[in-house]
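> fold the following and give me the result.
(2 chains)
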Amino acid sequence: MKKLINDPADVVAEALRGIEAAHPELRVDHEQKLIIRGDAPVQGKVGIISGGGSGHEPLHGGFVGRGMLDAACAGEVFTSPVPDQMLAATRAVDGGAGVLHVVKNYTGDVMNFEMAAELAAAETGTEVVAVVTDDDVAVQDSLYTAGRRGVGVTVLLEKIAGAAAEEGRPLADVAGIARTVNERGRSMGMALTSCTVPSAGTPTFDLPENEMEIGIGIHGEPGRRRVPVAPAREVAAMLVEPVLADFDFTGSGGVLAFVNGMGGTPQIELYVMFNEINLLLAKAGVTVARSLVGSYITSLEMAGCSLTLLALDDELLRLWDAPVSTPGLRWGV
Amino acid sequence: MAADLDTVALSTWLREFAGAVKAEKQHLTQLDSAIGDADHGTNVDRGMTAVLAALDEAAPSSVGEMFKLVGMTLVSKIGGASGPLLGTFFLRFGATAGDEQSIDAARFAAAFRAGLDGVVARGKAVAGDKTMFDALAPAADALDAALARGDDLGSALSEAAAAATAGRDATTPMLARKGRASYLGDRSIGHQDPGATSSALLVGAAARALG
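Residues are numbered from 1 along each chain as shown, chains lettered A, B, ... in the order given. So this is what the prediction gives:
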C-alpha cells in the first residue's frame, strides 16, 4: 500500500485537521468528527446535514458552506457515522426551522440516521425529515435487495436543496425539492482499478489489467458485469444506455449531465468521457442544459467514472445556478 | 428453578459474549469479507470491549438501566448496520426488563423477544433473508417453548443456543436479501452470514453464563 498517510488509524482525524486549517470559514468538531458552517445555526433557515463513511471526498465535508450543507458527519473510511455524530450535527445546525438529513441508501447509513432522528425528536423536539438517495441503476431495485445505492445524485441534491434552504423555504418544501431531485436522477458507474481502504492495506477487489467493472459502487461493491477494457466511446455507451433505459430524460427542461471521477481518474479523461456521453445524449434526443465534470463523489484512489443525469425543470435549474460557497463547489459568490 | 437473575449474573452473560466475540473476531471478519465489507469481527469486538469498560465504570442500579447502557454504547461505538441492530436489541431488552434489581426466567424470555422485535423494527428482516434474525428468531421460539413446557432457564437456554446454531448454519445456502450482501445476488449463496454467526455467539454465551 502506497499512500500519503501517517498511520491508517489517524487518516480521518488528520484530514479533518487539514480541512480546518485550509478552510477557516468552517468549524470542525474533532470529537464528534463534524464539519460545520462557521455561521451555524442560521436562525430561521432549514438546516441540512449529511454524512457517511469517509473516502468519498469532497463529499460530504467539502460541500459544507453557504448554499449547500450546514454540517457533515465523517465516519471511518467506508463506514457509516454513528447516531451521536448525527445528533450533534443536528443540534449544531438547528436554527428553529427544522433539519433535513440527506442519507445515501446503504443499510448502515439509513439505520444510524433513523436512530439519530428518533433521538433528536425525543431530546429536543427538533423536527427532522430524512431524504434517502437511491439513484444507482446498476443495482436491481426490488423487495429482495437493500435497494439501489445512493451515489452521484447526492451531490446534486445537496446543492439544490441547499439553495432552497438558503432562500428561506420551509422544511417541507426543501424536503420535497430534495425528493424530486432523487426521483428525477439516475446514475451508473464503472471502475478501471480497485481501491485500498487504509486500514485494510490491500485492494478491496482484484481487477486484472485488461478488465473493467461496469456498475461499480462507490465502495468497490461489485457491479453488473466485468468486461474487457474498451475505448471511451464504448464505455460511454455502457453508462448512458442503462441510465436512459431507466428514466425518460427527453423532457423540455433538459438535463444536468454530471460526469464524476472516482478519485484516480485525470480530468482530461473525464472530458474525453463527457464528449462521448454528450454525443450519445444528443443522438438520443436529450438536451444537456447544464454540466458538471470532475471528481466530487469518489472511492478513494479508484480509477473510473460515473454518469449521473438529472431531469431539470425551471425551479431545479434556478436552484442549481444559485450561488454556492463551499470547498468543493463554488460559484456566483 | 434457579434464582432470579440480577445485574451481576446478567453481566456475566455480556462478559461471556465479549470473550466469545474476541476469540472469534478473525473468523467473523473472514465471513464478512466474503459477502460484506470485512469488518464485522472488528466492529462487534470494539463495541463489546467498550460495553465492558462502561459496565465497570457505571455500576447500573437496575437490569433495565444496565441494558440501556449496553445498547447505547453499542450504537455509539460500532457504526455500520451492526451497531443500530445489536444496540436496539439491548435497548429493547432493557426496556422490557424494567427497573428491577433482578428478573426471572419469564421476564428474561420476554425481554429477549422484545429485543428480537426491535431488531425486526430496525432492520425489516424476515426469516430467510440471511441475517442475524435467522439465528435470533429460532432461539426466541425455543426459549419460549421450553419455558412453556416448564423447563428451567438453564435447559431452556441450552435449547435456545442449539436453535441459534442451527439457524446460523441454515443461512449458508440462503440468498442474501438485506444489507451489503444483497448486492451480490446469487453470489451470496454458499456463505454463512456473519451477523447470524455473532448472534449465535450471543445466545451461546447466555446458555453458558446463565444456565
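
> residue A:5 is in contact with residue A:199, isn't it?
No: using CB atoms under 8 Å, residue A:5 is not in contact with residue A:199; the gap is 10.3 Å. In short, each C-beta sits where N, CA and C put it, glycine included.

> look at those two and report which has more neighbours.
residue A:199 (16 against 13; other CB atoms under 10 Å in any protein chain shown).

> any idea how many residues pack against the closest residue to residue A:324 other than its chain neighbours?
Take residue A:324 and drop its neighbours on the chain: the residue closest to it by CB to CB, 6 or more residues apart in numbering or on different chains is residue A:67, 3.7 Å away. Other residues lying near residue A:67 total 25 when counted by other CB under 10 Å.

> what residues are up against residue A:67?
Contacts for residue A:67 were tallied using CB atoms under 8 Å, 6 or more residues apart in numbering or on different chains; they are A:159, A:162-163, A:166, A:322-326, A:333.

> type out the ChimeraX command that picks the buried ones from these.
Only the buried entries of the contacts of residue A:67 go into this ChimeraX selection, using 16 or more other CB atoms under 10 Å in any protein chain shown:
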select /A:159,162,163,166,322,324,326
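
> among the contacts of residue A:67, which are located in helices?
Among the contacts of residue A:67, the ones falling in helices (DSSP state H) are A:159, A:162-163, A:166.

> tabulate the residues you listed (TSV), appending distance to residue B:9.
Below are the ones in helices among the contacts of residue A:67 laid out as TSV (distance: CB to CB, whole Å):
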residue	distance to residue B:9
A:159	55
A:162	53
A:163	58
A:166	56
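
> show me where the stretch 201-333 of chain A has helices.
Ranges of helices within the stretch 201-333 of chain A are A:232-246, A:267-283, A:314-321, based on DSSP state H, counting those that start in this stretch.

> what helices and strands are in contact with the second one?
Just to be clear, that refers to helix A:267-283. In this structure, helix A:267-283 makes packing contacts with helix A:232-246, strand A:255-261, strand A:288-294, strand A:304-311, judged by 3 or more CB pairs under 8 Å, 6 or more residues apart in numbering or on different chains; DSSP states H and E.

> neighbours around the closest residue to chain B within the stretch 151-300 of chain A, how many?
Going by CB to the nearest CB, chain B is nearest to residue A:221 of the stretch 151-300 of chain A, at 5.1 Å. Residues near residue A:221, counting by other CB under 10 Å, number 23.

> how about it: what's its closest non-neighbour residue?
Leaving aside its sequence neighbours, residue A:221 sits nearest to residue B:183 (CB to CB, 6+ apart; 5.1 Å).

> continuing past the helix or strand bottoming out on mean pLDDT in chain B, what's the next helix or strand?
Least confident helix or strand of chain B, by mean pLDDT, DSSP states H and E, is helix B:25-35 with a mean of 91. Sequence-wise, the next helix or strand downstream of helix B:25-35 (DSSP states H and E) is helix B:40-58.

> send the alpha carbons of the helix or strand following that next one over as CSV?
Next helix or strand after helix B:40-58 toward the C-terminus (DSSP H and E): helix B:63-78. Taking Å, rounded to 0.1, in the frame of the first residue of the first chain, the C-alpha atoms of helix B:63-78 are listed here in CSV:
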residue,chain,number,x,y,z
VAL,B,63,-31.4,-4.5,35.0
GLY,B,64,-33.2,-2.1,32.7
GLU,B,65,-30.6,0.6,33.2
MET,B,66,-27.7,-1.8,32.6
PHE,B,67,-29.1,-3.0,29.2
LYS,B,68,-29.9,0.6,28.2
LEU,B,69,-26.2,1.4,28.8
VAL,B,70,-25.2,-1.6,26.8
GLY,B,71,-27.4,-0.7,23.9
MET,B,72,-26.4,3.0,23.8
THR,B,73,-22.7,2.0,24.0
LEU,B,74,-23.0,-0.4,21.1
VAL,B,75,-24.9,2.2,19.0
SER,B,76,-22.2,4.8,19.7
LYS,B,77,-19.2,2.5,19.1
ILE,B,78,-20.0,0.0,16.4
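
> quick one: is helix B:63-78 near chain A?
Yes: Helix B:63-78 reaches chain A (CB under 8 Å from any CB of the partner chain) through B:75-78.

> before we move on, the earlier item: any idea how far the least confident helix or strand of chain B is from the middle of the chain?
The chain centroid and the centroid of helix B:25-35 are separated by 17 Å under CA atoms, centre = their mean, to the nearest Å.

> buried residues in that helix?
Residues of helix B:25-35 classed as buried: B:25, B:28-29, B:31-35 (neighbour count, 16+ other CB under 10 Å).

> and stretch A:202-218, by the same measure?
Within stretch A:202-218, the residues that count as buried by 16+ other CB under 10 Å are A:203-205, A:207, A:212-218.
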